[in-house]
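*Asks:* got a sequence here, can you model it:
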Amino acid sequence: MPNKNAIYTTNQLQIYQSLPLKAKINLTYQRIKQFYDKYHGSVYIAFSGGKDSTVMLDLVRRFYPHVPGVFVNTGLEFPEIIEFVKTIDNIIWLKPTMTFKAVLEKYGYPIISKENARAISRYRNTKSELQKYYRLNGYPRGKKGMISKKWQFLINAPFKISDSCCIIMKEKIINKYAKKSGRFGYIGLMADNSNGRLRDYMKYGCNAFDKKIPQGRPLMFWKNSDIWEYIKLKNLSYSKIYDMGYKNTGCIFCAFGAHLNYPNRFQLMKKTHPKLWKYCIEKLNMGEVLDYCKIPYQDYYIQNEL
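*Replies:* Numbers count the residues shown, from 1 in each chain. The predicted structure follows:
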């Protein structure tokens, strides 16, 4: 069903996505400048140490080299990410006020997807039978919030489920910095990464001036292949974690999307970071959670490795 609030279309996005990299770079510079001028240079770069934010930081600083990067050290980053972030100048390091273990205990595990985890959490915490019905069967007029049929069995899981982890450990921390500093952030999001980001692009475009907290997302019409092409073109340094089999970084113990990949991050972690894997699976009880979801986390087999 078409999004009535959308100001951009999927067709427009596809046209932008099909452009050669040189054209994308030129359009991206325009969006970077527009956001910078809107806030009179009072901006920052949300820097995770991952490939997307590495490219974004390079693009922004080619025009505005003084713009600070902001890195939230949640304690959940791969050591290779931490090592890489330390090599970048003018980075502000922040820390969350809660540990990941405390977040899990209070709110629940991040599993399957943000949308499903949020819907399951709200299903469990509402007293409204009508809301529970909608969560299982769909809302009228296409409103989002239904739990996917495939994952509805998780409403009876013997552990808490939530999408709060990222909000508490990253978003609130960086938003607090933004409010205190009066700066507005460039964020390395791409519409190609998820349906949620696609919907967000269609509603706000690259520079989301109308959001409650405005965001500059100059890479929204880029694809993953563009990121690697740019890194190669500009000979950029990047975190070694990508040379170890990981396609995405993010928080080490996050289970969002783990059911979609083989090997998934937990299987890779057992091979590349066995001590972290053991802590995750045993101490954080992620093994129990993944078993319940029927998501593998032990050794994996790929023929061309033999």
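*Asks:* all contacts plus neighbour counts: C-alpha atoms, from now on.
*Replies:* OK.
*Asks:* would you mind writing the CA trace of the worst-scoring helix or strand of the chain on mean pLDDT as CSV?
*Replies:* When each helix and strand of the chain is scored by mean pLDDT, DSSP states H and E, helix 195-204 comes last, with a mean of 88. Provided in CSV are the C-alpha atoms of helix 195-204 (Å, rounded to 0.1, in the frame of the first residue of the first chain):
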residue,chain,number,x,y,z
ASN,A,195,12.5,-1.7,4.6
GLY,A,196,12.4,0.7,7.6
ARG,A,197,15.1,2.9,6.1
LEU,A,198,13.4,2.7,2.7
ARG,A,199,10.2,4.0,4.2
ASP,A,200,12.1,6.7,6.1
TYR,A,201,13.8,7.9,2.9
MET,A,202,10.4,8.0,1.0
LYS,A,203,9.0,10.2,3.8
TYR,A,204,12.0,12.5,4.5
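*Asks:* I'd like the next helix or strand past that helix.
*Replies:* strand 207-208 (DSSP states H and E).
*Asks:* state the mean pLDDT of that following strand.
*Replies:* Across strand 207-208, the average pLDDT comes to 94.
*Asks:* about what we covered before: which neighbouring elements make contact with the least confident helix or strand of the chain?
*Replies:* Judged by 3 or more CA pairs under 8 Å, 6 or more residues apart in numbering; DSSP states H and E, helix 195-204 has no packing partners among the helices and strands.
*Asks:* end to end, how far does stretch 42-55 reach?
*Replies:* 20 Å (CA to CA, to the nearest Å).
*Asks:* Glu229 and Glu115, how far apart?
*Replies:* 31 Å.
*Asks:* ok now the least confident helix or strand of the chain, how far from the chain's centre?
*Replies:* 14 Å (CA atoms, centre = their mean, to the nearest Å).
*Asks:* next one, pLDDT for the closest residue in space to Met244 that isn't next to it in sequence please.
*Replies:* Leaving aside its sequence neighbours, Met244 sits nearest to Thr272 (CA to CA, 6 or more residues apart in numbering; 7.3 Å). Thr272 carries a pLDDT score of 95 in this model.
*Asks:* wait, Thr272 touches Tyr242, no?
*Replies:* No: counting by CA atoms under 8 Å, Tyr242 is not a contact partner of Thr272; they are 11.6 Å apart.
*Asks:* quick one: buried residues of the helix or strand that contains Gln14?
*Replies:* If you go by DSSP H and E, Gln14 is part of helix 10-17. Judged by neighbour count (16 or more other CA atoms under 10 Å), helix 10-17 contains these buried residues: Leu13, Tyr16, Gln17.
*Asks:* next, the angle from it to helix 195-204.
*Replies:* Computed by axes from the mean of the first three to the mean of the last three CA atoms, to 10 degrees, the angle separating helix 10-17 from helix 195-204 equals 100 degrees.
*Asks:* quick one: residues in contact with helix 10-17.
*Replies:* Helix 10-17 is contacted from outside by Lys24, Met202, Phe221, Trp222, Lys223, using CA atoms under 8 Å, 6 or more residues apart in numbering.
*Asks:* burial of Asn195, as a residue count?
*Replies:* Asn195 has 11 neighbours, counted by other CA atoms under 10 Å.
*Asks:* in three-state terms, label Gly185 for me.
*Replies:* Following DSSP: H, G, I helix; E, B strand; the rest coil, Gly185 is assigned to strand.
*Asks:* beta partners for it?
*Replies:* Tyr44, Gln215 (DSSP bridges).
*Asks:* what score does it have for pLDDT?
*Replies:* We have a pLDDT of 97 for Gly185.
*Asks:* repeat for Ile7
*Replies:* 70.
*Asks:* neighbours of the closest residue in space to it that isn't next to it in sequence, how many?
*Replies:* Spatially, and ignoring its direct neighbours in sequence, Ile7 is nearest to Lys203 (5.4 Å; CA to CA, 6+ apart). Lys203 has 19 neighbours, counted by other CA under 10 Å.
*Asks:* verify the contact between Lys203 and Gly196 for me.
*Replies:* No: using CA under 8 Å, Lys203 is not in contact with Gly196, being 10.8 Å away.
*Asks:* of Glu229 and Glu115, which one has the most company?
*Replies:* More crowded of Glu229 and Glu115, by other CA under 10 Å: Glu115, with 19 against 13.
*Asks:* what lies in contact with the helix or strand hosting the more buried one?
*Replies:* Per DSSP H and E, Glu115 falls inside helix 114-125. Here helix 114-125 makes contact (CA under 8 Å, 6+ apart) with 110-111, 131-132, 135, 145-148, 151-152, 154-155, 160-164, 256.
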